[in-house]
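J.: Give me a 3D structure for the following:
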Amino acid sequence: MAAALAVEDPHIAAQLLLYPVVTGATDTASYRRLSHGFPLTAATMRWFMDLYTDGCTEPGKTIADLTVNPRPVPTFLCTVGHDPLCDDGIAYAGALARAGAEVQHIHLPQHAHGIFTSAGVVPTAERVLATACTFLRDVLER
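T.: Next up is the predicted model:
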């Protein structure tokens, strides 16, 4: 799912983003690098994007044509190296920080998209989810 909201001015206390789709940019190095051999490839991600954006953008436009305005709210963001979404998520973490958001960004260079569905099996995923929960609890208790 993309890191997007359909409401005009929602109150958002925090964000927890795990390898998010942010701009939908498919011309990044991570898209070029991950064309086969991983759970999520560039072609599969483009297929998902076509399904997601069908009918919700102007004719001739894709999600990549939309403007992303980061909301400066506390954000926990995790990216993984073997994922076409990697570069987009890293860029978004930077955009959030430049917009004044408190950002905790964890990058796992040797892991693939889908690690969090294996959290009971992959210890790294378990640790990152525990860190994310601590981040959210701390933010929400302020």
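
J.: What about the nearest residue to Arg71 once chain neighbours are set aside? Give its phi and psi, please.
T.: Distances taken as Cβ to Cβ, 6 or more residues apart in numbering place Ile12 nearest to Arg71, at 5.9 Å, with adjacent residues excluded. Heads up, the C-betas are built off the backbone N, CA and C, glycines and all. When read as degrees, to the nearest 10, the backbone of Ile12 gives phi -120, psi 120.

J.: One more: His105?
T.: Phi and psi for His105, reported as degrees, to the nearest 10, are phi -110, psi 120.

J.: Could you grab the helix/strand/coil label for Ala130?
T.: helix (DSSP: H, G, I helix; E, B strand; the rest coil).

J.: List the buried residues for stretch 129-140?
T.: For stretch 129-140, burial by neighbour count (16 or more other Cβ atoms under 10 Å) applies to Leu129, Ala132, Phe135, Leu136, Val139.

J.: Wait, a strand at the third one?
T.: Spelled out, that is Phe135. No. The assignment for Phe135, made by three-state DSSP, is helix rather than a strand.

J.: wait, doesn't Thr124 sit right on Ala112?
T.: No. Using Cβ atoms under 8 Å as the test, Thr124 is too far from Ala112 to be in contact (11.3 Å).

J.: rewinding a little: with distance to Thr75 and pLDDT added, can I get the buried residues of stretch 129-140 in CSV?
T.: Below are the buried residues of stretch 129-140 laid out as CSV (distance: Cβ to Cβ, whole Å; pLDDT from 0 to 100):
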residue, distance to Thr75, pLDDT
Leu129, 16, 93
Ala132, 11, 96
Phe135, 9, 97
Leu136, 10, 96
Val139, 9, 95
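
J.: Geometric centre of this structure: which residue is closest?
T.: For the chain, the residue nearest the mean C-alpha position is Pro20 (1.4 Å; Cα atoms, centre = their mean).

J.: What is the burial count for the residue nearest to Arg71?
T.: 11 (other Cβ atoms under 10 Å).

J.: now do His111
T.: Counted by other Cβ under 10 Å, the residues lying close to His111 total 21.
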